[in-house]
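> All I have is the shape, not the residue letters:
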């Protein structure tokens with residue numbers, strides 16, 4: 001049985017293809033995401049939102065960096081398709097959480113989320 005593999009370095013996706021692919025992933029993931037978000041408690045959804053929001057802010061800083069440095073818009077630079085796609089996909093995922101919170105009657109403003117990092121080394 002022949003297994004077909006693709007070497008992405010030999011045939012890289014364009015920036016537009018990368019962004020489109022990420023958007024499609026977010027759209028196709030929606031049904032699964034909403035179903036499992038609905039199983040969470042309001043507190044869990046609030047925590048999930050906060051963590052995704054942290055990741056979104058990280059990706060957004062990468063997207064905004066060229067403009068902050070006085071350079072051109074990232075889309076003009078090229079090579080930012082993956083960054084744009086991740087921003088779009090994270091925005092969709094945050095929207096899923098918001099919609100489920102609204103449908104469930106959550107009051108996310110009631111919760112303060114703290115992310116704790118522990119050193120579990122030796």
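Sure, I can see it. Quick caveat, the model's predicted, so the values are computed rather than measured. Residues are numbered from 1 along each chain as shown.
> counting contacts, what elements does the top helix by length along the chain pack onto?
Ordering each helix of the chain by length in residues (DSSP state H) puts helix 42-68 first. The contact analysis (3 or more CB pairs under 8 Å, 6 or more residues apart in numbering; DSSP states H and E) places helix 42-68 against helix 74-77, helix 81-104. From N, CA and C alone the C-beta is placed, and that goes for glycine too.
> quick one, which of those helices is nearest to residue 22?
helix 81-104 (2.8 Å; CB to CB).
> returning to what we had before: the helices and strands packed on helix 42-68: which one's closest to residue 39?
helix 81-104 (9.8 Å).
> Show me what the lowest-mean-pLDDT helix or strand in the chain is packed against.
In the chain, the helix or strand scored least confidently by mean pLDDT, DSSP states H and E is helix 74-77, which has a mean of 86. Packing partners of helix 74-77 (3+ CB pairs under 8 Å, 6+ apart): helix 42-68, helix 81-104.
> which residues touch it?
Residues from elsewhere that reach helix 74-77 (CB atoms under 8 Å, 6 or more residues apart in numbering): 15, 63, 66, 67, 71, 80, 83, 84.
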